[in-house]
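In: missing the sequence, but the structure's below:
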């Protein structure tokens, strides 16, 4: 029995395929950039 692969429409796909090669040899600098930090207080 042959397996059927789902048909994926490139235009409606939510996220592009991740290509790790694009990030090789790159360094991300986070100095002086705004970053959201959140916390939640809980008690029991």
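Out: Yes, it's here. This one's a predicted model, so the numbers in the text were calculated from it and none came from an experiment.

In: Could you tell me the per-residue confidence at residue 25?
Out: As predicted, residue 25 sits at a pLDDT of 90.

In: Near it, how many other residues are there?
Out: 5 (other C-beta atoms under 10 Å). Placement of C-beta: from N, CA and C, glycine included.

In: Where does pLDDT dip in this structure?
Out: Along the chain, segments meeting pLDDT under 70 span 1-13.

In: Residue 17 and residue 35: what is the separation?
Out: 27 Å (C-beta to C-beta, to the nearest Å).

In: what's the answer for residue 24, then?
Out: Distance of residue 24 to residue 35, given as C-beta to C-beta: 24 Å.

In: again with residue 43
Out: 27 Å.

In: what do you get for residue 41?
Out: From residue 41 over to residue 35 (counting by C-beta to C-beta), the distance is 20 Å.

In: Then residue 23?
Out: Separation of residue 23 from residue 35 (C-beta to C-beta): 19 Å.

In: for residue 25, same thing?
Out: Using C-beta to C-beta, residue 25 is found at 24 Å from residue 35.

In: how about the helices of this protein, start to end?
Out: For the chain, applying DSSP state H gives no helices.

In: need the strands for it, in chain order.
Out: Read by DSSP state E, the chain holds no strands at all.

In: And residue 23 and residue 35? Which one has more around it.
Out: When neighbours are counted by other C-beta under 10 Å, residue 23 comes out ahead of the other of residue 23 and residue 35, with 10 against 5.

In: ok, the more buried one - contacts?
Out: If a contact means C-beta atoms under 8 Å, 6 or more residues apart in numbering, then residue 23 has no contacts.

In: Check the gap between it and residue 38 for me.
Out: According to C-beta to C-beta, residue 23 stands 26 Å off from residue 38.
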